[in-house]
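Below are the sequence and a predicted model; questions follow.
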Amino acid sequence: MVEELDPSRGPSDVVRTASVAGTGPGVAHDLIAALGQGPFAHVLIFSAPGPGFAGLVEAATDACAAPLSACTTAGEISPEGYCEGSTVAVGFPARHFAVECVEVADLANIDTQGLINAIVAKRNALAADHPNWLSEFAYGLIDGVSMGEEALLRQLAPGLAGMPFFGGSAGDGRAFRTTYIAHGGKVSTGGAVIALVRSACPVRVFSLDHFSPTDRRLVVTGAEPGKRIVHEINAAPAIEEYARLLGLDPQDVSLSTFAAHPLVVRFGDRHYVRGIQERLDDRSLSMGSAIDEGLVLSLGEPTEIAAHLESHLSGLADEVHPEAILAFDCILRRIEAEDHQLTAKVSEILRSFRVVGFSSYGEQIDGLHVNHTMTGVAIYPPGPVAGPRG
């Protein structure tokens with residue numbers, strides 16, 4: 001007997017969203033059908049990891065007439081809020097959006113000039129085909145264990161030339177082992193998909209995090225930058241010095257500790273979070289973003305995550321409520337919400353502001369790769385272009 005599926009569809013007709021419990025090829029037809037009548041310029045699928053991902057992509061591609069991109073997640077954000085073990089779809093109707101995609105097959109061997117040429121050509125084509133659509137932005141789905149995000153962003157910058165960009169690093173639950181990206185029916189590791197969007201809808205690309213730097217300083221005195229591994233902090237084994245600054249025994253440091261106490265780096269007058277992914281057996285720390293010897297960091301001090309999220313999203317809805325918010329939200333934020341029994345509250349906030357997306361292993365905003373952050377785009381009803389980006 002085949003289990004009956006009950007897809008949930010989001011409230012907006014400007015940006016279509018849908019989700020269904022479960023994953024794999026068996027959910028694809030109902031999920032795509034729940035998006036409603038096309039045509040669509042682009043369809044995104046965010047799926048819990050598992051052996052059925054390739055079958056899901058194949059079945060969804062067959063069921064969908066539009067270009068389709070997908071990735072595995074560290075948790076999903078459905079029209080109902082946080083969920084796990086599910087599949088979420090986002091459809092951009094062609095009457096409001098035009099989308100061109102560029103694939104990067106291997107983040108370790110990027111054809112820089114070819115990538116720039118492709119971005120420029122497709123961006124120009126979108127502008128020529130839709131001269132009266134004044135909004136544009138780009139988003140990316142990137143292999144979350146490739147450690148290639150920073151290199152990709154550096155090489156994207158000349159082609160994007162200031163075009164607002166955000167992205168998310170695909171997830172593998174909480175295993176941090178293998179993540180998958182898909183486009184055009186092909187599933188791969190080690191790559192990325194960049195989508196360039198032109199729209200009749202006003203948009204605001206944004207990023208948010210709820211941490212401020214404290215006066216507790218950490219200097220990276222031993223590291224392997226190519227592997228994002230910190231061996232020493234303040235000339236002591238990394239895990240021991242990190243624990244000492246928190247007043248903890250190193251044995252008590254866990255993923256929840258990393259979620260509650262990330263590291264913060266300053267660039268100019270702004271700060272960005274450098275998340276810790278895991279502790280290694282040699283007393284080192286594996287980081288979620290670029291690291292180097294001599295880098296000066298601070299311990300981060302959080303504000304209450306739910307209140308901060310509601311405040312920031314309210315700012316995006318101060319004049320007009322978004323039709324939808326597509327967001328990539330760090331897995332460490334979800335873990336922190338769980339540890340403080342705030343999952344239901346955060347889900348309620350995400351639902352009320354029509355946020356959909358997934359929990360990621362890293363986030364990108366313009367030219368920066370960050371952690372413990374939510375990046376995304378708020379999409380408004382067609383009309384005058386919205387104000388400055390949040």
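Arrived safely, thanks for sending.

Quick check: buried residues in the longest helix along the chain?
Longest helix in the chain by number of residues (criterion: DSSP state H): helix 112-129. Of all the residues in helix 112-129, those buried under the rule 16 or more other C-beta atoms under 10 Å are Leu115, Ile116, Ala118, Ile119, Lys122, Arg123, Leu126. In short, each C-beta sits where N, CA and C put it, glycine included.

Starting from the helix-or-strand element of the chain with minimal mean pLDDT, tell me which strands it pairs with and how they run.
Least confident helix or strand, the chain: strand 8-9 with a mean of 79, by mean pLDDT, DSSP states H and E. If you go by DSSP bridges, strand 8-9 pairs up with strand 16-21 (antiparallel).

Measure how far the partner strand is from the centre of its chain, please.
Chain-centre distance of strand 16-21: 18 Å, with C-alpha atoms, centre = their mean, to the nearest Å.

Stretch 77-97 now?
That offset, for stretch 77-97, works out to 13 Å (C-alpha atoms, centre = their mean).

same thing with stretch 297-310?
Centre-to-centre, stretch 297-310 and its host chain are 18 Å apart (C-alpha atoms, centre = their mean).

where in the stretch 201-350 of the chain is pLDDT low?
By pLDDT under 70, the stretch 201-350 of the chain contains no weakly predicted segment.

all strands for it, in order.
203-208, 211-224, 229-233, 236-237, 263-267, 270-274, 276-279, 285-287, 296-302, 324-330 (DSSP state E, counting those that start in this stretch).

Report the buried residues of the helix or strand just after the longest helix of the chain.
Downstream of helix 112-129, the next assigned helix or strand under DSSP states H and E is strand 135-142. Across strand 135-142, burial judged by 16+ other C-beta under 10 Å covers Ser135, Glu136, Phe137, Ala138, Tyr139, Gly140, Leu141, Ile142.

got the contact list for the fourth one?
This points to Ala138. Applying C-beta atoms under 8 Å, 6 or more residues apart in numbering, one finds that Ala138 lies in contact with Leu160, Met163, Pro164, Phe165, Phe166, Ile194, Ala195, Leu196, Val197.

is it true that the second one touches Gly140?
If I follow you right, that is Met163. No - contact status for Met163 versus Gly140: not in contact, 11.8 Å apart, counting by C-beta atoms under 8 Å.

Just give the number of residues close to Arg177.
Close neighbours of Arg177, defined as other C-beta atoms under 10 Å, add up to 9.

Give me the phi and psi for it.
Arg177 adopts backbone torsions of phi -120, psi -60, taken as degrees, to the nearest 10.

ok, and the closest non-adjacent residue to it?
Excluding its sequence neighbours, the residue lying closest to Arg177 (C-beta to C-beta, 6 or more residues apart in numbering) is Val145, at 6.8 Å.

Next one, pLDDT for that neighbour please.
Val145 is assigned 95 on the pLDDT scale.

Ok, Arg16 next?
Taking Arg16 on its own, its pLDDT is 97.

Ok, the one 3 residues further on next?
At Ser19, the pLDDT value in this model is 97.

for it, which residues make a bridge with it?
Going by DSSP bridges, Ser19 forms beta bridges with Ser8, Val88.

number of nearby residues for it?
24.

if we can go back for a sec, just the ones of the contacts of Ala138 in helices?
The members of those that map onto helices under DSSP H are Leu160.

Would you format the contacts of Ala138 as TSV with neighbour count and pLDDT included?
Compiled in TSV, these are given as follows (neighbours: other C-beta atoms under 10 Å; pLDDT from 0 to 100):
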residue	neighbour count	pLDDT
Leu160	21	97
Met163	17	97
Pro164	19	98
Phe165	23	98
Phe166	24	98
Ile194	26	98
Ala195	22	98
Leu196	24	98
Val197	26	98
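
I'd like a version of the contacts of Ala138 in CSV, one that adds distance to Ala151 as further columns.
As requested, the contacts of Ala138 are exported to CSV (distance: C-beta to C-beta, whole Å):
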residue, distance to Ala151
Leu160, 15
Met163, 19
Pro164, 20
Phe165, 15
Phe166, 18
Ile194, 14
Ala195, 19
Leu196, 20
Val197, 23
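
and which of the contacts of Ala138 is nearest to Pro262?
Nearest to Pro262 among the contacts of Ala138: Phe166, at 19.4 Å, using C-beta to C-beta.

residue contacts, that closest one?
By C-beta under 8 Å, 6+ apart, the contact set of Phe166 is 137-140, 205-207, 328, 363-366, 375-377.

Now do the nearest residue to Asn132 once chain neighbours are set aside, the pLDDT please.
Excluding the flanking residues, the one nearest Asn132 by C-beta to C-beta, 6+ apart is Ala200, at 7.7 Å. Per-residue pLDDT puts Ala200 at 96.

any idea how far Gly91 is from Val356?
Applying C-beta to C-beta, to the nearest Å, the value for Val356 to Gly91 is 11 Å.

Go through the strands of the stretch 201-350 of the chain and pick out the most buried.
Of all the strands of the stretch 201-350 of the chain, strand 324-330 has the most neighbours on average by mean count of other C-beta atoms under 10 Å, namely a mean of 27.

Which strands border that one, and is each parallel or antiparallel?
strand 355-360 (parallel), strand 374-379 (antiparallel).

Assign a three-state SS to the closest residue to Ala118 other than its chain neighbours, would you?
Excluding its sequence neighbours, the residue lying closest to Ala118 (C-beta to C-beta, 6+ apart) is Val102, at 4.8 Å. Val102 falls in the strand class when you classify it by DSSP: H, G, I helix; E, B strand; the rest coil.

Please tell me I have it right and Val102 contacts Ala121.
No - look at Val102 against Ala121 with C-beta under 8 Å: they stay out of range, at 9.4 Å.

Next, the buried residues of stretch 77-93.
77-83, 86-93.

Glu58: neighbouring residues, count only.
Neighbours of Glu58 (other C-beta under 10 Å): 16.
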